[in-house]
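Asker: Next one to model:
(one chain, ligands or ions: 3)
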Amino acid sequence: MADNISQDLKQGALFYHRYPRPGKLEIQPTKPLGNQRDLALAYSPGVAAPCEAIAADPAEAANLTSRQNLVAVITNGTAVLGLGDIGPLASKPVMEGKAVLFKKFSGIDVFDIEIAEKNVDRLVDVIAALEPTFGGINLEDIKAPECFEVEERLKSRMDIPVFHDDQHGTAIIVGAAVTNALELAGKRIEDVKIVTSGAGAAALACLNLLVSLGAKRENIWVSDIEGVVHDGRNELMDRWKSVYAQKTDARTLADIMPDADVFLGVSAGGVLKPEFLAKMAPNPLIMALANPYPEIMPEEAEAARPDAMICTGRSDFPNQVNNVLCFPYIFRGALDVGATTINEEMKAAAVKAIAGLAREAPSEVVARAYGGEAHPFGKKSLIPSPFDPRLILRIAPAVAKAAMDSGVAKTPLEDLEAYADSLGRFVFRSGFIMKPLFSKAKANPKRVIYAEGEDERVLRAVQVIVEEGIAQPILIGRPNVVEARIKRYGLSMEIGRHFALVNPEDDPRYRDYVATYVEAAGRKGITPDAAKTLVRTNSTVIGALAVRRGDADALICGLEGRFESRLKHIKDIIGLSPGVREMAALSLVITSKGAYFLADTHVQPDPNAEEIADMTIACASHVRRFGLEPKIALLSHADFGAANTRSARKMRDALALIQERAPELEVDGEMQADAALSEMIRERVNPNSRLKGEANILIMPNLDAANIAFQFTRILADSLPVGPILIGPAKPAHVLTPSVTARGIVNLTAIAVVEAQAAEEDADAALAERVV
Ligand SMILES: NC(=O)C1=CN([C@@H]2O[C@H](COP(=O)(O)OP(=O)(O)OC[C@H]3O[C@@H](n4cnc5c(N)ncnc54)[C@H](OP(=O)(O)O)[C@@H]3O)[C@@H](O)[C@H]2O)C=CC1
Ligand SMILES: CC(=O)C(=O)O
Ligand SMILES: [Mg+2]
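Answerer: Ligands and ions are numbered 1, 2, ... in the order given. Okay, here's the model as predicted:
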């Protein structure tokens, strides 16, 4: 067998597992254990209370322990990947790997359990006895035919889902890939010839699922280590395999390959020779899924059959048909409705959800994970990528619904839509806090103009914005460039139909825009000649003019170039809101501990007390749009008068001004950041603080402090930034930073749309007042 893993990758993998500490996961407590009382609650004597509650009502285990989110990944090490019977200890890196994938992709906790037991009766007894610990059992890498019996017997003994991943996880992805490939090839599943190498756990489960999707048993041909599975064969046969025995004289894989439409390899590396492919049917589907060495390497298959659609189980080639696309999400859906099993209906729902997702436009996260290259649905993208954040959003609700519809959900969900929304927490960390803004934006989408309309991130963001109906986008860019890039990134939106385009090289409004620019900025040193050039060449100027003239409701710019120069254009052209002395930037960081707004992270280097008061009051009204009640801390290096430095005094003065101008605000200061974030610490330094609980708006004394705190939190807390939200322009305008992602642009768009709605409401109210 060819060794298709480079030495480099092998060394890298050993290093990865060895350093900085052995293995790749640990267990983390989810509750504080910081003092005597915590100890008494978490452990003796307090812990007796939840124990007694569960003894009285076992269903309480789901509410008082982590059981409902805990899955066992269990193996006996007899069929570890395609490495064979390497034993339970050597299988541990794979099982720990599955645990990591469960956690990262769907938030499920896993204990990996490697059992030194090959006897089926004893293995079943050991696993069945684990039922009190787990919400579900994922059997892994247990060889056929024993695995079939182990699973069947456990399913009948246990009241929680038991799922043999190599069988059903693999079958579900294969089902989705076959569905999509046959559609591309214009073939019907009822008509196709399917040839399988391998007759083990994965192979037989895949075939059973394909039969349930419509494949004809007589069109299925199976070959394993003994050759073709045929009537009358006695060697290495079992009742599961003999279902696929054919009446035939063919004895080798080569004999059964002619006219095959689908090759399914779930056996061992290198068994499919390029010459076997010559006589396959046109546009064949070749799934070489053995891990880590496929039955044939994709480049060999492609050279032999350029018309083939090719899949492997590996992440280093397109079309990764791997059960990682399934197990995290099918368990998520099953656990969340308290399913007692994973039945055929739930599996069919997963197949449909995965096949459907592949046909959607590729997401930006996928493109980033693959170095900017994400293929639209087609030969190279028959199934979604494992990094597609939408997997959980599509599969888990589909599985949960199927469980409820088929009557196996012990705790059915009342609101499936809310459940689907809640899953966003595993992917778009901005999802929850942004939700009110998205709902509001969708109700009345405004025209948002994007200065960098040719940028990949803008285009990907606009695809989402169009699909979700958040805004009416206007892009500034050259039509041929925008068109070519839409195609390259596999997006489905169209110029004119889904968004408007302003071509800076040829726009009929050019003269009007120049005139507006001179009128707005003539006094600020913009000569008519300079205006003519800038209106042709500077997309921020064009965007700002569009907003000023009412051709757009909000501007988003700044993916490249200098922040300050963008600010200047906004100030010169759009101007400041009445009463505003200076703009400021409010940045949101969403951490695993909560969401915090920081100001001023990007604009004023050293604001005075007046300016701090201005920005604090403005920030509070912005934060209310998120559905949050502002809780504001004015930060300093000292607490409540403990120091008399200039900056501490400045924050104290700002507090007095805010209290005078907006007495309703829950604001206090000056205080250190720990006092702002912990009520316990704050009480120690000032028991009478007006601020209660944890602050959600942190106003910093200067730009250095704000920006450093923002970047620190962003990186150290692995948090998701949103913004900067520019506060103070007369009409909504935002300057992004070069590190922004498409998701960040979508978020800021929703914010800009809601601001534009508010501006419109204010204008309507002012008009109504005048009319009265
Ligand atoms: N991409 C994916 O998501 C997945 C891939 N797989 C891969 O599929 C393969 C099989 O896994 P699994 O079904 O769990 O294991 P099993 O041990 O249950 O099955 C292996 C099967 O392959 C057959 N086989 C072994 N060597 C050869 C060979 N040289 N030529 C023909 N057939 C052979 C075995 O035949 P016999 O029993 O007669 O020895 C057996 O039928 C592994 O490589 C695994 O990594 C599995 C699950 C998921
Ligand atoms: C992917 C997997 O589960 C296997 O190869 O066994
Ligand atoms: Mg496996």
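Asker: would residue 41 count as being in a strand?
Answerer: No: the assignment for residue 41, made by DSSP: H, G, I helix; E, B strand; the rest coil, is helix rather than a strand.
Asker: Count residues in the vicinity of it, would you?
Answerer: By the criterion of other Cβ atoms under 10 Å, residue 41 has 16 neighbours. In short, each C-beta sits where N, CA and C put it, glycine included.
Asker: for residue 348, same thing?
Answerer: 19.
Asker: same thing with the one 3 residues further on?
Answerer: Using other Cβ under 10 Å, residue 351 has 24 other residues around it.
Asker: Contact partners for residue 694?
Answerer: Shown in contact with residue 694 (Cβ atoms under 8 Å, 6 or more residues apart in numbering): 594, 631, 676, 677, 678, 679.
Asker: so it is in which element?
Answerer: Assigned by DSSP states H and E, residue 694 belongs to neither a helix nor a strand.
Asker: which residue does the stretch 301-450 of the chain bring closest to ligand 1?
Answerer: residue 313 (2.7 Å; Cβ to the nearest ligand atom).
Asker: One more: the chain?
Answerer: Counting by Cβ to the nearest ligand atom, the chain gets nearest ligand 1 through residue 200, at 1.8 Å.
Asker: Report the contact partners of that residue.
Answerer: 79, 143, 144, 224, 266, 267.
Asker: Would you confirm that the fifth one contacts residue 196?
Answerer: The one in question is residue 266. Yes: taking contacts as Cβ atoms under 8 Å, residue 266 lies within contact range of residue 196: 7.2 Å.
Asker: Whichever of the contacts of residue 200 count as buried, I'd like them selected in PyMOL; how would that read?
Answerer: Of those, the buried ones go into a single PyMOL selection, burial set by 16 or more other Cβ atoms under 10 Å:
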select buried, resi 79+143+144+224+266+267
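Asker: The contacts of residue 200 into JSON lines, with extra columns for pLDDT, secondary structure and distance to ligand 2?
Answerer: Output for the contacts of residue 200, formatted as JSON lines (pLDDT from 0 to 100; DSSP: H, G, I helix; E, B strand; the rest coil; distance: Cβ to the nearest ligand atom, whole Å):
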{"residue": "79", "pLDDT": "96", "secondary structure": "coil", "distance to ligand 2": "7"}
{"residue": "143", "pLDDT": "95", "secondary structure": "coil", "distance to ligand 2": "11"}
{"residue": "144", "pLDDT": "94", "secondary structure": "coil", "distance to ligand 2": "12"}
{"residue": "224", "pLDDT": "97", "secondary structure": "strand", "distance to ligand 2": "16"}
{"residue": "266", "pLDDT": "96", "secondary structure": "coil", "distance to ligand 2": "8"}
{"residue": "267", "pLDDT": "95", "secondary structure": "coil", "distance to ligand 2": "11"}
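Asker: Spell out whether stretch 277-293 and ligand 3 are in contact.
Answerer: No: judged by Cβ under 5 Å from the ion, stretch 277-293 and ligand 3 are separated, with a smallest distance of 7.6 Å.
Asker: Start and end of that stretch, how far apart?
Answerer: One end of stretch 277-293 sits 18 Å from the other (Cα to Cα, to the nearest Å).
Asker: Return the set of buried residues in it.
Answerer: For stretch 277-293, a neighbour-count test (16+ other Cβ under 10 Å) marks 277, 280-281, 283-293 as buried.
Asker: Residue 355 and residue 184 touch, don't they?
Answerer: No: in this structure, residue 355 is not within contact of residue 184 by Cβ under 8 Å, at 11.6 Å.
Asker: So which of those two has more stuff around it?
Answerer: Each of residue 355 and residue 184 has its neighbours counted (other Cβ under 10 Å); residue 355 has more, 22 against 14.
Asker: so which helix or strand takes in that one?
Answerer: Applying DSSP H and E, one finds residue 355 within helix 344-359.
Asker: From the chain's centroid, how far away is that helix?
Answerer: Its chain's C-alpha centre and that of helix 344-359 lie 18 Å apart, by Cα atoms, centre = their mean, to the nearest Å.
Asker: for stretch 27-47, same thing?
Answerer: 32 Å.
Asker: Contacts for stretch 304-312 next, please.
Answerer: By Cβ under 8 Å, 6+ apart, the list of residues contacting stretch 304-312 reads 177, 181, 184-185, 274-275, 277-278, 280, 282-289, 294, 298, 301-302, 317-321, 379, 382-383.
Asker: Just the ones of these in strands?
Answerer: When DSSP state E is applied, the contacts of stretch 304-312 are split such that 285, 286, 287, 288 fall in strands.
Asker: what would the residues you listed look like in a markdown table with pLDDT?
Answerer: Formatted as a markdown table, the ones in strands among the contacts of stretch 304-312 follow (pLDDT from 0 to 100):
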| residue | pLDDT |
| --- | --- |
| 285 | 98 |
| 286 | 98 |
| 287 | 98 |
| 288 | 97 |
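Asker: what is the mean pLDDT for stretch 577-595?
Answerer: Averaging pLDDT along stretch 577-595 gives 87.
Asker: next one: stretch 388-404
Answerer: pLDDT averaged over stretch 388-404 gives 94.
Asker: same question, stretch 33-51
Answerer: According to the model, stretch 33-51 has a mean pLDDT of 92.
Asker: Residue ranges in the stretch 651-772 of the chain under the pLDDT threshold?
Answerer: Residue ranges of the stretch 651-772 of the chain with pLDDT under 70: 767, 769-772.
Asker: before we move on, what SS does the residue of it at minimum distance from ligand 2 have?
Answerer: For the stretch 651-772 of the chain and ligand 2, the shortest gap (Cβ to the nearest ligand atom) falls at residue 718, measuring 27.5 Å. At residue 718 the chain is in coil, as set by three-state DSSP.
Asker: What is the neighbour count of it?
Answerer: For residue 718, the neighbour count with other Cβ under 10 Å is 10.
Asker: where's it relative to residue 147, distance?
Answerer: The spacing between residue 718 and residue 147, counted by Cβ to Cβ, to the nearest Å, is 38 Å.
Asker: Would you mind measuring from residue 273 to ligand 3?
Answerer: 25 Å (Cβ to the ion, to the nearest Å).
Asker: doesn't residue 254 make contact with that residue?
Answerer: Yes: the pair residue 273 and residue 254 qualifies as a contact (Cβ under 8 Å) at a distance of 7.3 Å.
Asker: from the stretch 201-350 of the chain, which residue is nearest to ligand 3?
Answerer: Using Cβ to the ion, residue 323 is the residue of the stretch 201-350 of the chain that sits closest to ligand 3, at 6.7 Å.
Asker: Count the neighbours of the closest residue in space to that residue that isn't next to it in sequence for me.
Answerer: Using Cβ to Cβ, 6 or more residues apart in numbering and skipping residues adjacent in sequence, the residue nearest residue 323 is residue 169, 3.1 Å away. For residue 169, the number of neighbouring residues by other Cβ under 10 Å comes to 26.
Asker: Does residue 169 belong to a helix, a strand or coil?
Answerer: Classification of residue 169 by three-state DSSP places it in helix.
Asker: need the contact list for it.
Answerer: Residues counted as contacts of residue 169 (Cβ under 8 Å, 6+ apart) are 163, 323, 326, 327, 330.
Asker: Is residue 440 in contact with residue 752, as I believe?
Answerer: No: counting by Cβ under 8 Å, residue 440 stays clear of residue 752, with 11.8 Å between them.
Asker: Quote the end-to-end distance of stretch 275-290.
Answerer: Where stretch 275-290 begins and where it ends lie 19 Å apart, using Cα to Cα.
Asker: hmm, that stretch touching ligand 2?
Answerer: No: using Cβ under 6 Å from any ligand atom, stretch 275-290 stays clear of ligand 2, coming no nearer than 7.5 Å.
Asker: can you give me how far that stretch is from the chain middle?
Answerer: The chain centre lies 33 Å from the centre of stretch 275-290; the measure is Cα atoms, centre = their mean.
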